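**Q** Next input, structure requested:
(4 chains)
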2 protein chains.
Amino acid sequence: MNLTRQAEDYLKVIYEIEQGGAPAATTSIAEELNIAAASVSGMLQRLARLGLVKVERYRGARLTAPGRAVALQLLRRHRIIESFLVTKLGYGWDDVHEEAERLEHAASSELIDRMADALGNPTEDPHGAPIPTAAGRVDERRLSSIADMKTGSRARVVRMSDRDPEFLRYLKKRGIVPGANVRVTAREPFEGPITLTVGRVRQAIGAAAAALVYVDDARA
Amino acid sequence: MNLTRQAEDYLKVIYEIEQGGAPAATTSIAEELNIAAASVSGMLQRLARLGLVKVERYRGARLTAPGRAVALQLLRRHRIIESFLVTKLGYGWDDVHEEAERLEHAASSELIDRMADALGNPTEDPHGAPIPTAAGRVDERRLSSIADMKTGSRARVVRMSDRDPEFLRYLKKRGIVPGANVRVTAREPFEGPITLTVGRVRQAIGAAAAALVYVDDARA
DNA sequence: ATAATAAGTTAGTACGTACTAACTTTAATT
DNA sequence: AATTAAAGTTAGTACGTACTAACTTATTAT
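**A** Below you'll find the predicted structure:
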C-alpha cells in the first residue's frame, strides 16, 4: 500500500480523533489538517475506496484494521524520531514535533528500527507518549488530565500534547514535565484557572492548558 | 522558495548532468528520473518560470544561480545523511542511497547541520563525494576515472558512484573503496575489460564499471 | 542536399489534492 | 412541528505532475 503523504496524515489525525471515542467528524479532521471541509469529504471517499476507512455519510469516519495499522506505524515513526532527535541530536523537546512530522513520511521501517535500537527501544517519547511496537501494539489507556483532578488530589504527570512548542516551553518553565508530581490546591469554576503545587512552587494555569497535560491518576 | 519533491529532484539531476560540461538534455533528465521526456519538457518550463533554470529550446537546461543553490543544498543533505546513516546507525555504504534520497527532501537545514556537527563536519561522504558546505561551496574538480588510466599507471581511488547498491557491493568485494591504490596492468581495446592490481590482487573489471570509479590522478 | 533517425515539444488526458460556492442533511432551538 | 444553525456533501475549478500520441526540430548518414 503506497500512500501519499497527505493520505497518511489523514489516517493519523483520524486515529487521534477516534481516540476520543466517536468517529472522526469531517470538520474535526479539516481543522486538524487546516484544510477545507470539502477537501476532507473528497479524501475520505478515496480512503474508503482504498479500504482504509469506513465512512458513514454525515456521521464521520472510522479507521479499518489496515487503516489503523498505517496510523500506528506513523505514530511509531513520529515518536521514535522525536526521541532520537532529542536524545541523539540535542534537540529540545519543544522543538521536535515539526521535524518529526516531515521525517515520519520519508523514513523507511529499517531506519526507524535502527533508531529505536540505538535508543534501546524506548516505550515512550520525550512527551510521555507511548511508542507503538513495530508490530503495531500500543498502550491506548485513556488518561485523565490535570483538568480532571479534584481539588486537593495529587498525581504524577505522564504525558502532554506535543503540538505547540510555545506550550511545551511554558510547561517546562513551570516544572510541568513527565514525572513531575502535582497537587491541585484550588480550582475556579466556569473553566477558570487551576492552582497547582509542583514541587514546592504554587501556580495557576488555565483550564485549557490543564486539559492537555495528562496524569496517571486524577483521583489519588 | 518552497519546492516540491519533484522539482528538487529535477534540479539535482540537472546539476549532476551539467557537471559533464554540456547543458542537461531533456532525454538525459528523463532517463535519470525514469519519466517520459514530455514530462520533462513541461517541468523545465515551470522551473524556468520560477527562475531556477535557463532553458534553450531543443538544446537543454542549465541551472541559474538560485537553482544551483538549491541543488547544492540537496547534495549537501544527501551526503550528510548518507554519512550519518553509515557512521551513526550502522548502515552499509551500499545501502544508504535510497534512504538518503527520500530523507533529503524532508530534513530541515537545522537537522542537517546537527547531523554534520555530530559527525565532526566531514568533507566527504562514504563514497568519497565531497559535501557542499552550508554556504554552498563544494569542490567541483573533475576527476578522472579508472577508465581514463593508461596501462601501467597507478592511482588512488577517491570516489565512486553511489547509485547502485549491487555495484557498490561488487566494488567492495574487490577492495575497490575510497583510499585503495590501483594499478592498471592491462587494457583490452574496444571498451574491453581493464586489468587492475588492487593491493596484491590482480583482477579485471568492465570498462563501464571502471568509468564509475574515480581516482586522484590517472596519469601518475 | 536529402532522407532517415533521434531528440524535443505540444496537445490532450488523468489523478491527487486542494479550493469556493451552492446545496443537503442533521441537530438544536423555540 | 417548524425554523435556524451547524455540519457535511457535491459540483466545478485549479495546479502539479505524470502519461501517450502526434508533430517539429536537429543531427547523422548516405
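
**Q** count of neighbours near residue A:129?
**A** Close neighbours of residue A:129, defined as other CB atoms under 10 Å in any protein chain shown, add up to 22. C-beta here means a position set from N, CA and C on the backbone, and glycine is covered the same way.

**Q** And it, how close does it get to residue A:88?
**A** Relative to residue A:88, residue A:129 is positioned 18 Å away (CB to CB, to the nearest Å).

**Q** now the strands for chain A?
**A** For chain A, the strands defined by DSSP state E occupy A:53-56, A:60-63, A:144-145, A:154-160, A:181-187, A:194-198, A:201-205, A:213-215.

**Q** Just name the most buried of these.
**A** Comparing the strands of chain A by mean neighbour count (mean count of other CB atoms under 10 Å in any protein chain shown), strand A:213-215 ranks first with a mean of 26.

**Q** and that strand, what other elements does it pack with?
**A** strand A:144-145, strand A:154-160 (3 or more CB pairs under 8 Å, 6 or more residues apart in numbering or on different chains; DSSP states H and E).

**Q** can you tell which of those is closest to residue A:23?
**A** Counting by CB to CB, residue A:23 lies closest to strand A:144-145 out of the helices and strands packed on strand A:213-215; the figure is 22.2 Å.

**Q** Neighbouring strands of that closest one in the sheet, and parallel or not?
**A** Strand pairing for strand A:144-145, using DSSP bridges, gives strand A:213-215 (antiparallel).

**Q** what's the average pLDDT for the partner strand?
**A** Mean pLDDT, strand A:213-215: 95.

**Q** what's next to it, contact-wise?
**A** Outside strand A:213-215, the residues that touch it by CB atoms under 8 Å, 6 or more residues apart in numbering or on different chains are A:128, A:143-146, A:149, A:155-161, A:171, A:176, A:182.

**Q** care to break chain A down by domain?
**A** The record's domain parsing of chain A by automatic domain parsing lists A:5-63, A:76-140, A:144-215.

**Q** Mind putting those domains into JSON lines with distance to DNA strand C?
**A** Shown next, in JSON lines, are these (distance: least, CB to the nearest atom of the strand, whole Å):
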{"stretch": "domain A:5-63", "distance to DNA strand C": "3"}
{"stretch": "domain A:76-140", "distance to DNA strand C": "11"}
{"stretch": "domain A:144-215", "distance to DNA strand C": "18"}
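
**Q** Please name the residues that touch the residue nearest to the spatial centre of chain A.
**A** Ranked by distance to the mean C-alpha position of chain A (CA atoms, centre = their mean), the top residue is residue A:161 at 5.4 Å. Shown in contact with residue A:161 (CB under 8 Å, 6+ apart): A:127, A:167, A:212, A:213.

**Q** With respect to chain B, which of those is nearest?
**A** Nearest to chain B among those: residue A:127, at 18.7 Å, using CB to the nearest CB.

**Q** Just give me the neighbour total for that closest one.
**A** Residue A:127 is flanked by 24 other residues according to other CB under 10 Å.

**Q** tell me the mean pLDDT over the helix of greatest length in chain A?
**A** Determined from DSSP state H, the single longest helix within chain A is helix A:65-89. Helix A:65-89 carries an average pLDDT of 98.

**Q** Okay, buried residues for it please.
**A** Under the neighbour-count criterion of 16 or more other CB atoms under 10 Å in any protein chain shown, helix A:65-89 has A:67-86, A:88-89 buried.

**Q** Against chain B, which of those make the cut? List them.
**A** Among the buried residues of helix A:65-89, the ones lying near chain B by CB under 8 Å from any CB of the partner chain are A:85, A:88, A:89.

**Q** measure residue A:47 to chain B for me?
**A** Computed as CB to the nearest CB, to the nearest Å, the residue A:47 to chain B distance reads 22 Å.

**Q** ok, that residue - contacts?
**A** So residue A:47 contacts A:7, A:10, A:11, A:53, A:55, A:61, A:67 (CB under 8 Å, 6+ apart).

**Q** any idea how far the closest residue to the third one other than its chain neighbours lies from residue B:147?
**A** Leaving aside its chain neighbours, residue A:11 sits nearest to residue A:71 (4.6 Å; criterion: CB to CB, 6 or more residues apart in numbering or on different chains). Distance from residue A:71 to residue B:147, counting by CB to CB: 50 Å.

**Q** And residue A:72, by the same measure?
**A** For residue A:72 relative to residue B:147 (CB to CB), the value is 50 Å.

**Q** one step back: closest one to residue B:197 out of the contacts of residue A:161, please.
**A** Of all the contacts of residue A:161, residue B:197 sits closest to residue A:127, with 57.6 Å by CB to CB.

**Q** Could I get the contacting residues of that closest one?
**A** Residue A:127 neighbours (CB under 8 Å, 6+ apart): A:82, A:93, A:159, A:160, A:161, A:162, A:168, A:178.

**Q** again, only this time at 6 Å
**A** Applying CB atoms under 6 Å, 6 or more residues apart in numbering or on different chains to residue A:127 gives the contacts A:160, A:162.

**Q** what number of residues lie near residue A:122?
**A** 15.

**Q** what's the nearest residue to it if we skip its chain neighbours?
**A** Nearest one to residue A:122, counting by CB to CB, 6+ apart, is residue A:83 at 5.5 Å.

**Q** The one you found against residue A:125, yeah?
**A** Yes: between residue A:83 and residue A:125 there is a contact at 5.0 Å, judged by CB atoms under 6 Å.
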